[in-house]
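*Asks:* predicted model and sequence below, questions to follow.
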Amino acid sequence: MARPKIALIGAGQIGGTLAHLAAMKELGDVVLFDIAEGIPEGKALDIAESGPAEGFDAALKGTSDYADIAGADVCIVTAGVPRKPGMSRDDLLGINLKVMKAVGEGIAANAPDAFVICITNPLDAMVWALREFSGLPHNKVCGMAGVLDSARFRHFLSLEFGVSMKDVSAFVLGGHGDTMVPLVRYSTVAGIPLPDLVEMGWTTKEKLDAIVQRTRDGGAEIVGLLKTGSAFYAPATSAIEMAEAYLKDQKRLLPCAAWCDGEFGLKGLYVGVPTVIGAGGIERIADIKMTKDEQAMFDNSVNAVKGLVEACKGIDTSLA
Ligand code: A3D
């Protein structure tokens, strides 16, 4: 049986890391697409040359021709520009919206059956735009943010408690931005909810609040350190987790930007929610109950996403 085909649209920092991870995990053959001359070909060749030592057989191809992504099973989109220090994700809107138009049309023409994972920022609005431009079914187009934001939250929690990251599970919902909602009540250490750990004296409410804030600022913390771009190792790992869930029909319950049409009381909006990812793409949304405070934070985040989508419609009126 032929290996699955994974198309990576954007061969920059995240795109290159995705290609390396996909090859090492033998998820399938990899096509790296980019408009920057020589970059996709150079990275594909470089990664292919790590195959003998690493022991993988996946084929890697670099290209600037959309025809090469034909029949891809998964497309992961990072095309666009990342943040520089002092920029918010929203500052990228105008430039990256135009990129989503080109990418959406390229995927629609060449890989209409693919499961599409968008990473380009501002995430929730760009997933919406990519879906509009591609015309693919809503359950086959989603955005990676919640897995990364939750991974950051889990990492910080594991440091606080001095326990393995494997035993920390956490949920971050809402839009991928300053308004994201780390859900303390649904986050646990081996099943023990965080509020119980506060009662047990393992941490304090103040420390937990600081960790929540550090999670919200997690992307900016890395941008501030790198200065020339944004995070790419953990974002790539997070998207690969989602791609693997689809390709292997794992039915993973992962937070990601998914199309809500009725769920969470939303009528047609992409926002970060808990989803089940399997061979059907986004197969299900877990419409969890929230407290009044959590709901207020979620609503605030939803409003921020709605504002960005409206701004997109203003930039390209053919989308309205
Ligand atoms: P970078 O290394 O600049 O790579 C982007 C690549 O896109 C470059 O190689 C460009 O040449 C290419 N590109 C630009 N326009 C097009 C086009 N029309 N078609 C194909 N390729 C094109 O950035 P990066 O990999 O660090 O980040 C990529 C995106 O991910 C940015 O928008 C970041 O803001 C975003 N990002 C999102 C998260 C989330 O958690 C959602 C995390 C980190 C970064």
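*Replies:* Now that the structure is in, tell me what you want to look at.
*Asks:* in the protein, what residue is nearest the ligand?
*Replies:* Gly12 (1.8 Å; CB to the nearest ligand atom). For every residue, glycine as well, the C-beta is placed using N, CA and C.
*Asks:* please tell me I have it right and that residue contacts Leu32.
*Replies:* No: using CB atoms under 8 Å, Gly12 is not in contact with Leu32, being 10.0 Å away.
*Asks:* what does Lys267 show for phi and psi?
*Replies:* Phi and psi for Lys267, reported as degrees, to the nearest 10, are phi -110, psi 90.
*Asks:* quick one, what contacts the residue lying closest to it once chain neighbours are set aside?
*Replies:* With CB to CB, 6 or more residues apart in numbering as the criterion, Lys267 has its nearest non-adjacent residue at 6.6 Å, and that residue is Asp261. Shown in contact with Asp261 (CB atoms under 8 Å, 6 or more residues apart in numbering): 138, 267-268.
*Asks:* element containing Asp261, please.
*Replies:* Asp261 is part of strand 252-261 when elements are defined by DSSP states H and E.
*Asks:* closest to Ala239 among the contacts of Asp261?
*Replies:* Minimum distance to Ala239 across these is 18.6 Å, recorded for His138 (CB to CB).
*Asks:* ok, the closest one touching Arg131?
*Replies:* Yes: between His138 and Arg131 there is a contact under CB under 8 Å: 6.3 Å.
*Asks:* spit out the residues that contact the two alike.
*Replies:* Contacts common to His138 and Arg131, judged by CB under 8 Å, 6+ apart, are Trp259.
*Asks:* of the two, who's got more company?
*Replies:* Using other CB atoms under 10 Å, the more surrounded residue of His138 and Arg131 is Arg131, with 22 against 17.
*Asks:* checking my notes, the more buried one in a helix, right?
*Replies:* Yes: applying DSSP: H, G, I helix; E, B strand; the rest coil, one finds Arg131 inside a helix.
*Asks:* thought it was touching Ala257?
*Replies:* No: the criterion here is CB under 8 Å, and Arg131 misses it with Ala257 at 10.3 Å.
*Asks:* shared neighbours, those two?
*Replies:* With CB under 8 Å, 6+ apart as the test, Arg131 and Ala257 both reach Tyr270.
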